[in-house]
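1. A predicted structure for the sequence below; I have some questions about it.
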Amino acid sequence: MNRSLMFRPQPIDGESLRGFLMRLAEANCVSNLVWLKQATDEMERLRPMIGTTLQGRLPPWLIKIYGWRVPSKGRLESCLMTKFARCCPECLDELRYWPAEWEQVFYTACHRHGRSMSVNCPDCSQSLEWSRSDLLHCSCGSDITRWPKGKNVSVAERQLCARLAVSMAREAGRMVSTEATEHDNLFSNIKTQDLIRFICIFGSHGASGVGTKSRSWLDKVNPNEAPGLVRVAAEILTSWPNRFHLLLAELGGYGETDVMRSDPKPEFVSLAKCLRKHFASPGLDFVMAAFRSFAVENWHRVLDRRSKWMSPLGYDEQRYIPAAAVTRQLHISRHRVKELLDKNILRGYVKKTPHEREFTVIERSSLIDAGDLIDDYIPLKAVAALLGLPRARINELVACGLLTETSRTEGSRQARLFSRKEVAVFVKRLSAGRREPSDEEDLLTTSTILKVHLASEREFCSFFAAVIARRLQSVCVSPLKSGFGALGFLRAEFHLWRSEMRATVRSDLLTITAAARELGVKEQVAYHLVHIGLLPSINSTLGKRRCRRVSVGDLAHFKTTYISAVELATHWCTSPKAVLQILQTQGVEPVSGPQIDAGRQYFFNRCDVRNVSYGIAL
């Protein structure tokens, strides 16, 4: 049976659904919820407001009778909403309604007054029930607005709860004004669930005995643990990221003498896994950025490309690198690396893997000290590996003067050596200008360019100089390679550069295609003129192929010696066929054409047609 209510108070933005239902029952002098369960019209009026104006957990009877669910907009996990009612007596006395954020498990302190939320009645020592008949009174009749004030909380905890209230309101399409904090830039795009991740994971790992380390953030949280989790998370947030780095150092045991040679502590591994698994949201990027900076500086494990959470810059800046990378960087043997490690010239440690394999890790900063004691010259093989080029290309760089080599007698042979510092400068310049590619870009790799597009020594040296000087922008196509092997180039930009380079290298030679454009004829006509020898050409190398090219002088001589029937027809304002008939009637025969040598156009000697009466001065 549908019952009508006499008074219908309007919901307030940000009001708790259960708090409003209690206020609705109180306005109509309903002592229990039986009347509200039968007020179908009133429930239908409230339904569109749930999730926006009204928030919080749905009472079980609404789900059972009407089958309602919280809409996706402003939705919060029901396991993170409190079972019992919590409040701030001062706020309740001022507002006279129940704000939705009071239902959130991790909203443990009032952000308006900076005091902990009240849960138990001081008179009956029982928790506040949602089934009471009066919004402002406990079931025992105690006036909630006269309850003692809660305990003062820290500024950090107050600000964290304020941010939780702001994110809840923003997701419901409301605005909440709070005081500005130093962390507003960190939480500018954070969502409620991201903030819950932060509180639950950092709170459970930041203090011993609080929470369970292996528990997922989506599991049910004991409301009694929530204040401790929020307090610890707020302390970690203070002076970000310094407190966070101190937590990582404490969990990982950094600073202890033998920690580098042992496996990391389970607490550190647990926190690292939680961060990589649950902190992929854009709103938590600031946490991952702080974790990456700590891992680069302190983590004893060597980061590689399998660590998908690590940025490419982190690989190059991490504190420790494997011995294999040291051998490639310094171009010395593994035995030499071990000697330098034993002499304390290189700092690092040797760790045994579970399969009893020794793994040597070197501190990057010690490479500077070792570099001064190692010979400054490296062989040709090492130069080719560093620059990612074949040895033949290194010889071309030497011939062009871009690389300087020296020789040294080693036994019965002469060894070709190169300056390590000079090669290091080239490698640094190659990696400085590159950027990450996008899926839409059409790229040419360096290997393809060297195999297909550049052949001569001069062209390759021009290419090398353009990349070093960053006149030709490069793209990183392979982070696993070094030097030119890791670079790619936009196809259009490379072809444009190549055209400009070839124009400056040999401007007096034209391709047959370019000669056709100069003559104003089709390419097939120009190729035929070259084939019959009427247009002189020479053999030339262009890229990786041999071709015939026309000099500018020969092209100018051809223009002054011969003229086509098409050009004559333009001058005489007639057709090429009529030009042929006129010239033949006056005894002038073409030197090339369809009936002469199967050419596509007729060409005449200019001196033969100069005095034709029909024509003009040519």
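-> Happy to help now that I have it.
2. Could you pull out the strands in the stretch 501-618 of the chain for me?
-> Under the criterion DSSP state E, counting those that start in this stretch, strands of the stretch 501-618 of the chain are mapped to 509-511, 538-542, 545-551, 562-564, 603-605.
3. For those strands, give me CSV that also has mean neighbour count and mean pLDDT.
-> Every residue, glycine included, has its C-beta placed from N, CA and C. Below are the strands of the stretch 501-618 of the chain laid out as CSV (neighbours: other Cβ atoms under 10 Å; pLDDT from 0 to 100):
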stretch, mean neighbour count, mean pLDDT
strand 509-511, 19, 79
strand 538-542, 12, 71
strand 545-551, 16, 77
strand 562-564, 20, 91
strand 603-605, 21, 91
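4. Output the ones you listed as CSV; include the columns distance to residue 61.
-> Output for the strands of the stretch 501-618 of the chain, formatted as CSV (distance: least, Cβ to Cβ, whole Å):
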stretch, distance to residue 61
strand 509-511, 86
strand 538-542, 85
strand 545-551, 84
strand 562-564, 97
strand 603-605, 100
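5. Nearest approach to residue 454 belongs to which of the ones you listed?
-> Residue 454 sits nearest to strand 538-542 of all the strands of the stretch 501-618 of the chain, at 10.4 Å, using Cβ to Cβ.
6. what's the closest non-adjacent residue to residue 108?
-> Spatial nearest neighbour of residue 108, chain neighbours left out: residue 227 (4.4 Å); criterion: Cβ to Cβ, 6 or more residues apart in numbering.
7. What does the pLDDT read for that neighbour?
-> If you check residue 227, the pLDDT there is 87.
8. Let me know the helix or strand that it is in.
-> Per DSSP states H and E, residue 227 falls inside helix 226-237.
9. Buried ones in the following helix or strand past that helix, by neighbour count?
-> Going down the chain from helix 226-237, the next helix or strand is helix 242-252, by DSSP H and E. Residues 243-245, 247-248, 251-252 are the ones in helix 242-252 that count as buried (16 or more other Cβ atoms under 10 Å).
10. what's near enough to touch the residue nearest to residue 108?
-> Going by Cβ atoms under 8 Å, 6 or more residues apart in numbering, residue 227 touches 108-109, 116.
11. Let's see if you can find the most crowded of those residues.
-> residue 109 (28 neighbours; other Cβ atoms under 10 Å).
12. Let me see the confidence value for that residue.
-> 92.
13. State the distance from it to residue 151.
-> For residue 109, the distance to residue 151 (Cβ to Cβ, to the nearest Å) stands at 9 Å.
14. joint contacts of these two?
-> Counting by Cβ under 8 Å, 6+ apart, the shared contacts of residue 109 and residue 151 are 115-116.
15. where along the stretch 1-150 of the chain do the strands fall?
-> Along the stretch 1-150 of the chain, the segments classed as strands by DSSP E, counting those that start in this stretch run 15-16, 54-55.
16. out of those, nearest to residue 130?
-> strand 15-16 (9.3 Å).
17. Quick one: list the elements packing against that closest one.
-> Where contact means 3 or more Cβ pairs under 8 Å, 6 or more residues apart in numbering; DSSP states H and E, strand 15-16 is packed against strand 54-55.
18. Tell me if residue 408 really is in a strand.
-> Yes. Assignment of residue 408 by DSSP: H, G, I helix; E, B strand; the rest coil places it within a strand.
19. thinking again about what came up before, pipe the contacts of residue 227 into CSV and attach distance to residue 421 per row.
-> Listed next are these as CSV, based on distance: Cβ to Cβ, whole Å:
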residue, distance to residue 421
108, 60
109, 60
116, 63
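20. coming back round to it: relative to residue 585, which of the strands of the stretch 501-618 of the chain is closest?
-> Nearest to residue 585, of all the strands of the stretch 501-618 of the chain, is strand 603-605, at 13.9 Å by Cβ to Cβ.
21. Now do the closest one: everything it contacts.
-> The list of residues contacting strand 603-605 from outside it, by Cβ under 8 Å, 6+ apart, reads 529, 534, 561-565, 568, 583, 588, 590-593.
22. The same query, at a cut-off of 7 Å, please.
-> Under the criterion Cβ atoms under 7 Å, 6 or more residues apart in numbering, residues 561-564, 583, 588, 590-593 lie in contact with strand 603-605.
23. Any of those residues buried? List them.
-> Here, 16+ other Cβ under 10 Å leaves 562-564, 583, 588, 590-593 buried among those.
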